[in-house]
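Visitor: take a look and give me a structure for this.
(one chain, ligands or ions: 1)
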Amino acid sequence: MENTEVLILKEMLSAGDSFVSGNRLADIIGVSRVAVWGQMEKLRSQGFEFEAVRSKGYRLSQRPNALNRILIEAVLTRNAENLTIYTEDSVDSTNSEAERLLANNAPTPFAVFSLEQTSGRGRLGREWHSQNNGNLYSSFAFRPKILPSRLSTFTLWMGLNICECINSFCRIESKIKWPNDILVSGKKVAGILTEARMDADETRDIVLGLGLNVNSQPDNWPEELKMVATSLSEAARKPIDINRLTAALCGRIMTAYQQFVVDEHKSVIKEKWPSYDILRNKTVNLHQGESQISGIAQGIDSNGSLIIERSDGTRYQARAGEVTSHK
Ligand code: BTN
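Guide: The predicted structure is shown next:
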């Protein structure tokens, strides 16, 4: 059941530039006009502004630019209706916060968003730069009833869906660098960190962590990032509505998760991966601890392993590791 603030906002958003009368809002929501006024005050305290004209009613005149739970929920698609959303101003890591919620038996599915992270983490123990700068720090948590062996394609499948979602929302052409990076024009725009817990031969839970550079200005980033990273707004050359984008991602991720659970995803990955695979036919070096394997990247196998064809024609199927590539 949606809360009153979300219902008010939905009505105001669908009215666009028109006014909505206090009576209408009260009728739709089933509360008194005084209660409507109280809810609007709450919305005002979160950065929403309303123009109020006697005899006409209210019109939304400003909304927060920053990530806002009510705004996300007001534009969520139906397939994401049962996703619980938690938003925080600051957390250590949204993945850690999701893990704590799971440990406290919070019902799934849920998503945690934060304006900043104080210990954002990336793959291979790296730090994920997580200032409060208009980027998205998010974690989606699920308890899938599937064998752990089936998880090997989870990150790739989610990455593919995230790529398609941001491409259509921002009108850009992002691609995937196996296994978890999303790039635009050769620069990283997003990273995925999937963390799962197992019980014997069952999956207990899984957290999909997504760090997405949305509206940050690369000029303000540390030197080492400027050369290798970009943001959606830089790639699209316009500011991105982070709340609508986040709602679109929630819908997409929920659908993708449902397809994954019933094993509907494999044939789609096979079909679509080649057009999103940034490494395809490139000379690559795969680093796995101290060892290194070089060859030509030839896509992925049915388990999501990267296929590398060595110069002697033999093929290596990499399940993990870090890839660097040359033209
Ligand atoms: C990578 O490219 O190495 C993966 C980066 C994943 C970063 C995201 S930000 C939200 C979530 N919380 C974290 O601490 N990490 C992930």
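Visitor: list the contacts of stretch 228-236.
Guide: Stretch 228-236 is contacted from outside by 134-135, 166, 170-172, 174, 184-185, 187-189, 212-218, 221, 239-240, 245, using C-beta atoms under 8 Å, 6 or more residues apart in numbering. The way it works is simple: take the backbone N, C-alpha and C, and place the C-beta from them, glycine included.
Visitor: mind checking pLDDT for the closest residue to the ligand within the stretch 51-200 of the chain?
Guide: At 2.1 Å from the ligand, residue 191 is the closest residue in the stretch 51-200 of the chain, using C-beta to the nearest ligand atom. Listed pLDDT for residue 191 reads 98.
Visitor: the helix or strand harbouring it: how far from the chain's middle?
Guide: Secondary structure from DSSP states H and E places residue 191 in strand 187-199. In terms of C-alpha atoms, centre = their mean, to the nearest Å, the centre of strand 187-199 is found 11 Å from the chain centre.
Visitor: do stretch 34-48 as well
Guide: In this view, stretch 34-48 has its centroid 29 Å away from the chain centroid, taken as C-alpha atoms, centre = their mean.
Visitor: would you mark the buried spots in that stretch?
Guide: Residues 36, 39-40, 43, 48 are the ones in stretch 34-48 that count as buried (16 or more other C-beta atoms under 10 Å).
Visitor: redo those as CSV? Include distance to the ligand.
Guide: Listed next are the buried residues of stretch 34-48 as CSV, based on distance: C-beta to the nearest ligand atom, whole Å:
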residue, distance to the ligand
36, 36
39, 31
40, 33
43, 27
48, 26
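Visitor: make sure residue 304 is indeed in a helix.
Guide: No. Assessed with DSSP: H, G, I helix; E, B strand; the rest coil, residue 304 is coil; it does not lie in a helix.
Visitor: who are the contact partners of it?
Guide: Residues counted as contacts of residue 304 (C-beta under 8 Å, 6+ apart) are 152-153, 155-156, 179, 269.
Visitor: count the residues that sit near residue 305.
Guide: Per other C-beta atoms under 10 Å, the neighbour tally for residue 305 reads 18.
Visitor: can you check residue 312 too?
Guide: Neighbours of residue 312 under the rule other C-beta under 10 Å: 6.
Visitor: ok, it to residue 325 distance?
Guide: Counting by C-beta to C-beta, to the nearest Å, the separation of residue 312 from residue 325 is 20 Å.
Visitor: show me what secondary structure element comes after the strand holding residue 191.
Guide: strand 202-212.
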